[in-house]
Structures are given as structure tokens and as C-alpha cells.
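A.B. asks: Predicted model and sequence follow; I will ask about them next.
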2 protein chains.
Amino acid sequence: MALIVQKFGGTSVANLGKIKAVAQRVLSKHQQGHHVVVVLSAMAGETDRLIDLANQIQNIPAPRELDMLLASGEQVSVALLAMAIKKMGTDAISLTGNQVKIHTDGMHTRARILSIDHELIETHLDQGRVVVVAGFQGVAASGDITTLGRGGSDTTAVALAAALKADRCDIFTDVEGVYTTDPHICASARKIDRISYDEMLELASLGAKVLDIRSVTIAKRHKVPVQVRSTFTDTAGTWIVEEEKAMELNPVSGVTYNRNEARITVSKLPDMPGVASRLLSPIAKAGIVVDMILQNTRDGNLTDLTFTVLKTDYQRAMGIVEKNAQEIGAAGVSGSENICKVSIVGVGMRNHPGVAITMFDALAQEGINIQMISTSEIKISCVIEEKYTELAVRTLHDAFNLT
Amino acid sequence: MALIVQKFGGTSVANLGKIKAVAQRVLSKHQQGHHVVVVLSAMAGETDRLIDLANQIQNIPAPRELDMLLASGEQVSVALLAMAIKKMGTDAISLTGNQVKIHTDGMHTRARILSIDHELIETHLDQGRVVVVAGFQGVAASGDITTLGRGGSDTTAVALAAALKADRCDIFTDVEGVYTTDPHICASARKIDRISYDEMLELASLGAKVLDIRSVTIAKRHKVPVQVRSTFTDTAGTWIVEEEKAMELNPVSGVTYNRNEARITVSKLPDMPGVASRLLSPIAKAGIVVDMILQNTRDGNLTDLTFTVLKTDYQRAMGIVEKNAQEIGAAGVSGSENICKVSIVGVGMRNHPGVAITMFDALAQEGINIQMISTSEIKISCVIEEKYTELAVRTLHDAFNLT
């Protein structure tokens, strides 16, 4: 008998038919003798509807009141699921974030979980009930309702699994798991059976939107085995687990890409301390997030500095840099919105020194020029021209035998 | 500077335009230097939408989960109103029943308020905020969310006014106040300026649906001055207050009627102890509420017993009585669904002995036969044929000079 946390997203509870299907799925585990805790998002579309109402009152509504408003969404879905489970003959109880005591800080609309009381849930589980918890929400020390921001229900589920020392956390979603790359681009993309927390962190941060990055961080810290799987099929999904020896056999686990960034290059800067800071701090002050930063020494005490920002911030960042670069004494500023960052991720590359070369060779053979390179311990990213995205992804997927 | 509780029903917050209008109305009081606590219902239609969802899962959904579901409705309306008030430049904060600590018993879907904490609200008021409280809901000792049932937001408002020792409680609704009788039936019906708690209790229990009877009971017990007034105009409404000498000048304050009942008469019962009980207890056991009960002695140790039930329960009650009456030894059972109960209410009738006669005479002059009579200290009710309803109401309205 295991303790299982199951999380279902908004599309899985979009209407009463789907809620009943979720109830059946939950019951099948409960009837096997397992303790089941369910975490739900709001019904698909409901959160957007509420945000739209709030925006009609004010562009940026008061965050505390927005949280009060949005938290009603999960209250509806959990109550309906608990009813559906009870209708099927098994006792169930719904709980809000406040009732569970999911304690968060007071940063409304993007609160962080500080601690979770496990007693109440355990009492209900011991009495044979399925416990249905509202995802995405918590309560601040003030008693105010908070929400956790984007991907918040994933975070609730994994944090709850950690607090309850659950045997596993199943994240039900509308895809069958984590893939070696985007199946829409590469027909030979393959579902990954097992992946390490660190690889998943890199994939999540690189734009594979299967699982929120905060939930992966919590899973890693508390060693919660997480399975990403489909709500609509019974096939096994992808396990996100601690790193295993077997994972290192293949140097690369997946290929991912991100087309949301733009590149800005400042050339022939004087190569002296403080230059990068003088260039980038006005950008940060404007609230623009910088992703990659590369600096290369040139001959003659000059240096080139290149960085990427979100495409939506490109024009604004360019304006700041152009004004700034001249003062600092740079020769010129150039940039491009037509870029793509293609990345390979895998814990195995730590023991396979040739991985980077294989990547560069594969891209070169297709005539794809590399504009920037950035590496971490288990990831290599190349910035290329955007039009080569699909070709690059397929080429790398083949080059590392992921099919 | 006064402390005012203002309650707005679902039609007053039916859409964003109306919510903004409520915000303006609240602010006009706040800007006069008053402390304002607002109590809201869910947006019109929302509670019905949620009940419909629940009913699609189960005819009688689990009451605890139904409360969890329904309480989300007021959470939405209070958050939106707080946003709208803040947008207009005045600080505001929304609070759920749980956050205020509106403690109730655990009778889900019809909970009773046990106590209300006033500290949190007072703290916010002292800091210059408008406090917006979710009506209709509370929290049980278990931490479960409860709802107060029909008219629950009225109850929240008056109970809150009592707990805060507010100077008054304004109930904003879609009528301009309490009328001497139904204006749809009697064109000369007049808005009452002041009415006593006891008179309002009789009117509410007799079917004048302006104000929930529980809220009047609480208002009476705690001597909360309540004003029923229109959301959509600025004219003064009806004050519901302690009985005053002036009220007794006119023996009758209002005429009301109820067409929702049906009559059942059991004739020639043996006049012995226990007969009424044997006849009526199977009805009570079937969950059927009996309103009026009259028993008259006949000659020869026989008695007739007549009672009224809701029309919707008539067929069921008739079936039970017919089966039962024979065993008890009654001669026959008759009944009618085409009845109406017409009542006159007024604290003044205590000092005006001729009131009943005036009522009977007025009806007789119009050829209206009286089937049943029932009296309380400040009320006289007559059951008549339903087709005479409008004529009887107008006749009594005239007879007691209410125009």
C-alpha cells in the first residue's frame, strides 16, 4: 500500500464529464488499497475568465484581491471532484490551501510555499477518504489567501508529496510524458522513460513546458519520485527521479529549443573592469531579464559582449544599450530577433568529452552557423538563425541516437 | 461618524457595471467620514450555476462539498468590489466568512451563526479601509466552510452589525422598502416608513420576501436598526426598529397574503386525547411541514381537524391522511389546493379590540367566505378561496385606511 499524490491540470477537469473520468481514475488507485491525495487546478478557462473580470476593473488589480478572486477557481473544481467520488461510493473530502495549511510567504500572485501541515490530510486518509486539495493556493501568516503563480498546482502537488513523504507524485497532463524533443518538429521523437531531476531542470528552464521548474526543484530537494503522464491514456509516462548509473550510458537525454529570445551584441568595448556591469545594469533596472551573456576577448584590449533577452523586451533593451554603448566607448551595437537557442541536455555528457564536438559538427554539416555557445555541466546551448530551428533539432536528435 | 453595515444582494452586483455603482455608493458614505462594512451575495446567477453543476453530479450532493462549492461565489464578488473601491482611490479589503471568523454550527447548507469575531474588521476600519465581507458563509469548529441557507447574506449583515455594535444596517435590494401590501395587486399600496421588528417578523413569515426572517430575529434580539432600501435610487427606505408609541396609532401596518398552501380537513373524528397527534405525526415523519392547525369541537363527542401544508406537499399529505383517517375512525377527508391565506399585521391591534370584526365584515361585504381563522397577538389570518385573493387584499387595505 502506497501513498500517492495525483495532480490533474485544468484541461483534465474542464467539464463535468472529465471530472467524472478523473474520479474514476482516482478510485481505481484507491480501490487497489493505496492512499490517494488529489491536487487540482481550476477548470480550464476559469482562471482566464476571472483575470479578465479583474482586468476590466483595473489593468493591474490589487494583488491581494486578485489572489482572493483566483483562489475561488480551485475551490469549485475540488468540491465537484469530491462530490463525484462520493457519488461513486467512496468517501472523499475537499480542502482549500488555507484548510490544509499550506503556509506561504506574503508575495501575492507569486507566493512561495514555506511549510505544509500534514496532520489533517493524514487523519482523513486514515479514515479511508480520498483527499482532494486545491492546487495553486496557500495562506500567508496574515491569514490572507495567496496564489503561487504560473505552474502553481504542480508545485502544490510535489510539495504536498514531500510533506506527506508520499511514495510518488503523478502529474497528469495532456501529453504522455517528457520527449527526447518536440514531436511536432521531429517525428522520431521518443518518450523518455526515466530522467534525472537535473536534466528535467535544464529541460524545464529551456522551455519544455511539461512541468513547472519550481516543482522540479522541490522534487529534487526532497527526492520525490515524479511521474509525468497522460490523463487520457493508461500508458506509463516519464519518471523524474534521482540520477542513476544507467542514465549515463547515453550522453544526451533530450534536445530542446527556445525561439522566444533575441540577441544584442556590443562590439569593440574597452576591455577593462566594470564594463559589463555598466552596460547591463541599466537593463536590469528597467526590469528586463537577461538570459545568456557571453564575452570574448579581442585583440588590442578590446572585447565583444553579447547577451539575449526575451523578444518582447528586445526593442526596449536595444534603446537602452544604444544610448549607453557610446558613453562606454563601444564601436557599435548590432542585434537580431531572428534567433533560436538549440540545446542538448544529459547527465551522461559529463563522462563523454566528445559531445560538444559532435553537436558542432552535426550543425556544420547542415550548413548551420553557430552565433553563440553556452555550456553548463549537463547542457550545451547554441544560438543559431531562427529559420534553421527544425532542421537543427532533427539533426541533433539523429546525431545523438535519440530515435 | 457612524459605523454602517451595507448589504447588497446578487442583483446589485450582477455585473461589473453594477459592482462599480455599488463601489461608488459605498464610497459616498465612506467619504462622509463613516466607517463602512459591506456584505455581498454572489453575483446574480452564479449560485444557481454552481448548484446546477453539483446537481448534474448528484441529485442531492454532499452538503459539506456543496458549501465548499457555493462559498466560492461570494469570494468572487467581494474581491471584485474591493478592487473597484481601491481603483477609485480608497483602500479596501475583502474577507471570507472564514477570515472574519464567522463561527457557525456544522449544519451544512443551513448553518446558524454562533459568534463573530470583530477584532479583525475593527483593525481594518481603524486603518481607514472599507471592509468587504462575503455574505452567506461561515466556518464550523472543524474548519469546514459552511453556508447559511436562503437569505443568508441578510443574516450575515445583521449579525455583523450586531457584533460590531454598528449604528445601523442598510439592506439594499431591488424594491424601495416594505409596503403596506403587494403593489402589484393594490395600486394604492404605500411604502412604510417605520415598522417594528415583530411586525416585520409576521410579514416575513407570511411571505413578504423583502427580508429573511432569521435576520429580523437577530436584529430584534440585538436591537440593530435595519433599513431596507433600493440599490438603484437614493430615496429613503423602510426602517425596521423597536416598537414605538406612534406605531400603535394605526391598528394595522400591512396586509399580506400567501398562495402557496393547501388545506386538508378531517371530519367527525372521535374527540379523545391523542387523536391530533396520531393524525399529524405520520405527516411530520414524512418531512412535510404543517402550517396552520385548527380543531373545532362538534356535537356528540366528535371533532373536525383542519390543517394546511405547502401546495407542493398536498398530494403526498393527502395520501397519508386518507390511509390514516379511517384507522382513527374519521368520517371523511376533504381538501383544497385553491386557497389563499390573507393576513393583517400590526402592533396596534393589541389596543384595538375591533380589528378582527372589521376584517371579517369587510370580507363578508364582498361576499368572500372565510374557511379558517387563525390569530396571533399582532396578526389575524383568514383562509379564503384563492380566486378572491386580489379582491380581499384591496378590500382590507382600504378597510384599514392604509392608502
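C.D. replies: On my side now, so go ahead. Note that the coordinates shown come from a computational prediction; the quantities given were computed from them, not determined experimentally.
A.B. asks: thinking A:Y257 is in contact with A:H184, fair?
C.D. replies: No. With contacts counted by Cβ atoms under 8 Å, A:Y257 stays clear of A:H184, the gap being 11.2 Å. All C-beta atoms are positioned from the backbone trio N, CA, C, and that covers glycine.
A.B. asks: With B:K323 as the reference, measure out to A:A330.
C.D. replies: 100 Å (Cβ to Cβ, to the nearest Å).
A.B. asks: What of A:E202?
C.D. replies: Distance from A:E202 to B:K323, by Cβ to Cβ: 77 Å.
A.B. asks: More neighbours: which of those two?
C.D. replies: With neighbours defined as other Cβ atoms under 10 Å in any protein chain shown, A:E202 and B:K323 compare such that A:E202 has more, 26 against 11.
A.B. asks: Quickly note the distance from the more buried one to A:V228.
C.D. replies: Using Cβ to Cβ, A:E202 is found at 15 Å from A:V228.
A.B. asks: Do you know the pLDDT at the residue in chain A sticking out farthest from the centre?
C.D. replies: Largest separation from the mean C-alpha position in chain A: A:G300, at 43.0 Å (Cα atoms, centre = their mean). A:G300 carries a pLDDT value of 72.
A.B. asks: Torsion angles phi and psi at it?
C.D. replies: phi 70, psi 40 (degrees, to the nearest 10).
A.B. asks: OK, contacts around A:I195?
C.D. replies: Contacts for A:I195 (Cβ atoms under 8 Å, 6 or more residues apart in numbering or on different chains) come out as A:V178, A:L203, A:T238, A:W239, A:I240, A:V241, A:M247, A:S253, A:G254.
A.B. asks: after the lengthiest helix in chain A, next one along is what?
C.D. replies: Ranked by number of residues, the top helix in chain A under DSSP state H is helix A:63-87. Going down the chain from helix A:63-87, the next helix or strand is strand A:92-95, by DSSP states H and E.
A.B. asks: Off-centre distance for that next one?
C.D. replies: How far strand A:92-95 lies from its chain's middle: 28 Å, per Cα atoms, centre = their mean, to the nearest Å.
A.B. asks: The following helix or strand past it and chain B, any residue contact?
C.D. replies: Using DSSP H and E, the next helix or strand after strand A:92-95 towards the C-terminus is helix A:97-100. Yes. Using Cβ under 8 Å from any Cβ of the partner chain, helix A:97-100 comes into contact with chain B via A:N98, A:Q99.
A.B. asks: And for stretch A:75-84?
C.D. replies: Yes. For stretch A:75-84, a contact with chain B is found by Cβ under 8 Å from any Cβ, at A:Q75, A:V76, A:V78, A:A79, A:L80, A:A82, A:M83, A:A84.
A.B. asks: Spatially nearest residue to the fifth one (excluding sequence neighbours)?
C.D. replies: Once its chain neighbours are removed from consideration, A:L80 has its nearest residue in A:I19; the separation is 5.4 Å (Cβ to Cβ, 6 or more residues apart in numbering or on different chains).
A.B. asks: Count the residues that sit near the one you found.
C.D. replies: A:I19 has 24 neighbours, counted by other Cβ under 10 Å.
A.B. asks: For the contacts of A:I195, pick the one with the most neighbours.
C.D. replies: When neighbours are counted by other Cβ under 10 Å, A:I240 leads the contacts of A:I195 with 31 neighbours.
A.B. asks: Tell me the bridge partners for it.
C.D. replies: In this structure, A:I240 bridges to A:I195, A:V226 when assessed by DSSP bridges.
A.B. asks: who touches it in this structure?
C.D. replies: With contacts defined as Cβ under 8 Å, 6+ apart, A:I240 is in contact with A:178, A:194-197, A:200, A:211, A:216, A:219, A:225-228.
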